[in-house]
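Colleague: Build me a structure from this.
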Amino acid sequence: MPVKKYRPLTAARRLSSVDTFEDITAHAPLKRLTINRKRSGGRTNGKITIRHRGGGAARRVRIIDSHREKFDVPARIVSIEYDPNRGARLALVQYVDGEQRYIIAPSGVVVGQTIVSSKERGDMKPGNRFPLSLIPVGIEIHDVEIFPGKGGTIAKGAGAKIQLMAIEDPYAHLRLPSGEIRLVRMECMATIGSVSNQDHRLIRWGKAGRSRHRGIRPIVRGKVMNPVDHPHGGGEARNPIGLKHPKTPQGKPALGVKTRREKPTDKFILQRRPPGRFSKQRG
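Modeller: This next block holds a predicted model:
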């Protein structure tokens, strides 16, 4: 959805932008489809395992149906809702038997539209879900299973989409949002279309307070810390890190270092993703 900018009455407002929420049709979630969110503050057994986490506005977790195993049962989209736990929108769907569930809203779906999940060939419109073997090559998909029956795990973020490159029994070739080309069993289910709210990545948060509301704590550069706190720390005034290559706070190599260990699933990766913006080592 479009991103809105306000008049720059303050320094923070000059840099920030907000979502317009034009596509939202319901402003309160269905409470029986939500659960309390357990917050750990980035800690496991009392030790920080994920830095810069903590606080944030209270929110409940929406129960998302990633399987959509009610095959050949039409479902009507009741509402498009905001989810504080993700950038994408949620769609509340109601099946003909009266059961209601949340799904990740595909881009372009509207209230009143009927969608279906099926293992038989059907209409390839956004929101419908089919096995990869029945989907035409070249079409955009999202919420793809990586193992048959596991439920959708790939391409669930705002604006995410996967391109179906080819079908070669027993695998489908998928181009992931990262650029990686991967083999997935052709029996795996996938939803037609891309994920909603593509403009989410264009939002500029503008000030620290909005990040704190999201549960993101301040981030401090290692080079301005003391040597006891970070390998980059120490020195007087402005100075380089004093190392040939940057390191993590734990002293391990950082920026551009391969972190994926050898895994049995490596054989399913036909082409690695291209180097990212952090792959170039910087001093």
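
Colleague: Figure out how far stretch 45-56 is from the centre of its chain.
Modeller: Its chain's C-alpha centre and that of stretch 45-56 lie 20 Å apart, by CA atoms, centre = their mean, to the nearest Å.

Colleague: Now do that stretch: distance from first to last residue.
Modeller: 21 Å (CA to CA, to the nearest Å).

Colleague: Likewise for stretch 77-85?
Modeller: OK, stretch 77-85 end separation, CA to CA: 21 Å.

Colleague: what do you get for stretch 259-270?
Modeller: One end of stretch 259-270 to the other measures 18 Å (CA to CA).

Colleague: And the residue of the chain positioned farthest from its centre, how far from residue 254?
Modeller: Using CA atoms, centre = their mean, the residue of the chain lying farthest from its centre is residue 236. It sits 40.9 Å away. Distance, residue 236 to residue 254, using CB to CB, to the nearest Å: 24 Å. (Each C-beta comes from the backbone N, C-alpha and C, glycine too.)

Colleague: Spell out the residue ranges of the helices in the chain.
Modeller: 11-15, 208-213 (DSSP state H).

Colleague: Kindly export the shortest one (C-alpha atoms) in CSV.
Modeller: The C-alpha atoms that make up helix 11-15 are tabulated as CSV, following Å, rounded to 0.1, in the frame of the first residue of the first chain:
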residue,chain,number,x,y,z
ALA,A,11,13.4,16.9,12.7
ALA,A,12,12.2,13.3,13.1
ARG,A,13,9.1,13.8,11.1
ARG,A,14,11.1,15.2,8.2
LEU,A,15,12.8,11.8,7.7
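
Colleague: low pLDDT regions in the chain?
Modeller: Along the chain, the parts satisfying pLDDT under 70 run over 1, 276-283.

Colleague: Just give me the residue right at the centre of it.
Modeller: With the centre of the chain defined as its mean C-alpha position, the nearest residue by CA atoms, centre = their mean is residue 157, 2.9 Å away.

Colleague: right, and that residue touches residue 85 too?
Modeller: No. Residue 157 is not in contact with residue 85 according to CB atoms under 8 Å; the separation is 11.7 Å.

Colleague: Identify the bridge partners of residue 269.
Modeller: Going by DSSP bridges, residue 269 is paired in beta bridges with residue 182.

Colleague: Can you pull the phi and psi angles for residue 231?
Modeller: Note on residue 231: its backbone torsions stand at phi -60, psi -20 [degrees, to the nearest 10].

Colleague: Pull the contacting residues for it.
Modeller: If a contact means CB atoms under 8 Å, 6 or more residues apart in numbering, then residue 231 has 222, 241, 243, 247-249, 251 as its contacts.
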